[in-house]
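Asks: what's the 3D shape of this:
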Amino acid sequence: QTGAAGSSPAATARCVSLGPFARHAAAAKVASELRGAQLEAKERTAPVRPAIWYWVYLPGLDSAARIQGALTRLKRAGIYGAEPMTTTGGAAGISLGMFQARALARRQLVRARAKGFAARLAERLVAQPQYWLDLWIPDGSAASALSTLTAKAGGTFAARTCPA
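Replies: Residues are numbered from 1 along each chain as shown. Below is the predicted model of the structure:
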């Protein structure tokens, strides 16, 4: 008999963590499939080591009118996806994107500067959580259940023993 995650499992069951999932929606989809197989999973998040991302932005736009004007000019120049932003210090500006690859950030920086914008590049530490599903699986059916689940998800996650 399978116990719900978080409850006392039957003596012949073991707790298995499925993951990591980069997005909550992906974990929720697999949890829904598990419920269809009469397995109840408990979602948890685990922090990951922060990674360096590269941020391209236009600083120092101190009014809503200046921000709106810059957004209009960016769009006319063919630079899309720009978003107004406020930093923790209260200074306003426009974000031209966050990039995992420095080369992509440099390309956006060069493109914006070539169009006459005083864009800057900064490194930012970004920590995104990983999502895991913990569930109790009867020992006798664990291998086949996990194999079926991983196949359904396209092999995009691993199964591990639940953390203590």
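Asks: Look up phi and psi at residue 48.
Replies: phi -120, psi 160 (degrees, to the nearest 10).
Asks: doesn't residue 132 make contact with it?
Replies: No. The criterion here is C-beta atoms under 8 Å, and residue 48 misses it with residue 132 at 11.4 Å. C-beta coordinates here come from the backbone N, C-alpha and C atoms, glycine included.
Asks: Neighbour count: these two, which is higher?
Replies: residue 132 (22 against 13; other C-beta atoms under 10 Å).
Asks: Residue 72 looks like it's in a helix, true?
Replies: Yes. Counting by DSSP: H, G, I helix; E, B strand; the rest coil, residue 72 is located in a helix.
Asks: okay, now it: neighbour count?
Replies: Using other C-beta under 10 Å: residue 72 sits among 10 other residues.
Asks: what's the distance between it and residue 39?
Replies: From residue 72 across to residue 39, the span is 53 Å (C-beta to C-beta, to the nearest Å).
Asks: try residue 120
Replies: Separation of residue 120 from residue 39 (C-beta to C-beta) stands at 50 Å.
Asks: Who has more neighbours out of those two?
Replies: Using other C-beta under 10 Å as the criterion, residue 120 and residue 39 rank with residue 39 on top: 21 against 16.
Asks: May I ask you to confirm that that one is in contact with residue 135?
Replies: Yes. With contact defined as C-beta under 8 Å, residue 39 counts as touching residue 135 (5.3 Å).
Asks: For the chain, which residues score under the pLDDT cut-off?
Replies: 1-11, 87-91, 139-157, 164 (pLDDT under 70).
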